[in-house]
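Visitor: how would this look folded up:
(one chain, ligands or ions: 2)
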Amino acid sequence: MDEYHLFVKSAFLDSNFRYLCNDEKYFDVPIICAIVQVTFNASGFSTIVTKNIRVNVIDDSDESDDGPVFEKGKYETNVTENAAMGTMIQQVSATDRTSSDNARIEYRLDNNYYSTFAIDSVTGEIFVYGMIDHENITMYILRVLAIDQSSPRLTGYASVRVYVMDVNDNIPQFTKEKFVFEVPRDVSVGTEVGRVTAEDKDSGEYGELYYSLYDGSAMRNVPFVVMGDGVILTDATLDSDESVYRYKFLVVVVDALNDPINCRRNYVEVFVKILD
Ligand SMILES: [Ca+2]
Ligand SMILES: [Ca+2]
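Guide: Numbers count the residues shown, from 1 in each chain. Ligands and ions are numbered 1, 2, ... in the order given. Predicted structure coming up:
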């Protein structure tokens, strides 16, 4: 699900679930909304694609009273997806303006990510507390509070942007268990036989796919070549041996082709029937 962040100043949720900004203009903010896209395939049939997006409304106000002051108003940090619970991602720190005893400041998180992050109320260290999945959310904005011990207790605010770094944790998956194609025996060299396709949920190069003929010794003599985009072409005439009516070979797909340490691969069987 794609995620969008909407920054507002001094916003609050009114009784109609709308946000009121400090310019006093209302605007509706659906937390989840659907984008419906209609496309037409070659046969003229329509396909409806529904996509959910999440809109986070973030109070980006930086007003403060006499409460504690964070050393920074806005922190930025990175976390690797799938980071283990307990991984420390950032430490925040605030100074008490009404007391010289900064140790009396209590830190809290003030947003909807309690199941994903936690903060040490004494040290201000922010930890991973749940599942971090780049394929689900690519950035979090945490709002941290520093509360002093005066009466009444005063609060300071800061935000922490947490960018989720992608890991190649998805293996490319072919869209079929096996691919079966047919081609006339008398086609010329370079004729397209068909195309294999695979999908990968990772982004960037971890989701970019490259196809090739599996280089096993038994596969080398097939009269086909597999292009990087999955298209299979004939690369020899097919009529040399009329007793052959079917070929079978493996196609390998790999992501992150130029990253031999992190790349991941998968295989699929391809059958090509020769039609006389
Ligand atoms: Ca990933
Ligand atoms: Ca991948």
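
Visitor: Write out the residues of the stretch 51-200 of the chain neighbouring ligand 1.
Guide: Counting by Cβ under 5 Å from the ion, the stretch 51-200 of the chain comes close to ligand 1 at 134, 166-167, 169. The way it works is simple: take the backbone N, C-alpha and C, and place the C-beta from them, glycine included.

Visitor: in the chain, what residue is nearest ligand 1?
Guide: Closest residue of the chain to ligand 1, Cβ to the ion: residue 202 (4.1 Å).

Visitor: who's in contact with the closest residue to residue 276 other than its chain neighbours?
Guide: Closest residue in space to residue 276, ignoring its immediate chain neighbours: residue 185 at 5.5 Å, by Cβ to Cβ, 6 or more residues apart in numbering. Contact partners of residue 185, counting by Cβ atoms under 8 Å, 6 or more residues apart in numbering, are 238-239, 242, 274-276.

Visitor: Can you say which of those are buried?
Guide: The neighbour-count criterion (16 or more other Cβ atoms under 10 Å) marks 238, 274 among these as buried.

Visitor: For residue 169, see how far away the residue nearest to the spatial centre of the chain is.
Guide: Centroid-nearest residue in the chain, with Cα atoms, centre = their mean: residue 135, separated by 2.4 Å. According to Cβ to Cβ, to the nearest Å, residue 135 and residue 169 sit 8 Å apart.

Visitor: ok so the residue nearest to the centre of the chain is a strand residue?
Guide: No. With DSSP: H, G, I helix; E, B strand; the rest coil as the criterion, residue 135 is located in coil rather than a strand.

Visitor: From residue 77, how far off is it?
Guide: According to Cβ to Cβ, residue 135 stands 20 Å off from residue 77.

Visitor: Is it possible to get JSON lines of the residues of the stretch 51-200 of the chain next to ligand 1 that adds pLDDT, distance to ligand 2 and neighbour count?
Guide: Converted to JSON lines, these look like this (pLDDT from 0 to 100; distance: Cβ to the ion, whole Å; neighbours: other Cβ atoms under 10 Å):
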{"residue": "134", "pLDDT": "91", "distance to ligand 2": "11", "neighbour count": "23"}
{"residue": "166", "pLDDT": "93", "distance to ligand 2": "9", "neighbour count": "17"}
{"residue": "167", "pLDDT": "95", "distance to ligand 2": "9", "neighbour count": "17"}
{"residue": "169", "pLDDT": "95", "distance to ligand 2": "7", "neighbour count": "15"}
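
Visitor: Return the closest of the residues you listed with respect to residue 246.
Guide: Nearest to residue 246 among those is residue 169, at 37.1 Å by Cβ to Cβ.

Visitor: Quick one: residues contacting the closest one.
Guide: Residues in contact with residue 169, defined by Cβ under 8 Å, 6+ apart, are 81-82, 202.

Visitor: By the neighbour-count criterion, which of those residues qualify as buried?
Guide: Among the contacts of residue 169, those classed as buried by 16+ other Cβ under 10 Å are 81, 202.

Visitor: From the contacts of residue 169, list the ones also adjacent to ligand 2.
Guide: Restricting the contacts of residue 169 to those within reach of ligand 2 (Cβ under 5 Å from the ion) leaves residue 202.

Visitor: Low-confidence ranges, the stretch 51-200 of the chain, go.
Guide: Within the stretch 51-200 of the chain, the stretches with pLDDT under 70 are 51-65, 101-103, 111-112.

Visitor: and it, which of its residues are near ligand 2?
Guide: So far as Cβ under 5 Å from the ion goes, the stretch 51-200 of the chain lies against ligand 2 at 168, 170, 200.

Visitor: Please tabulate those in CSV and include distance to residue 246, neighbour count and secondary structure as additional columns.
Guide: Shown next, in CSV, are these (distance: Cβ to Cβ, whole Å; neighbours: other Cβ atoms under 10 Å; DSSP: H, G, I helix; E, B strand; the rest coil):
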residue, distance to residue 246, neighbour count, secondary structure
168, 36, 18, coil
170, 33, 18, coil
200, 30, 20, coil
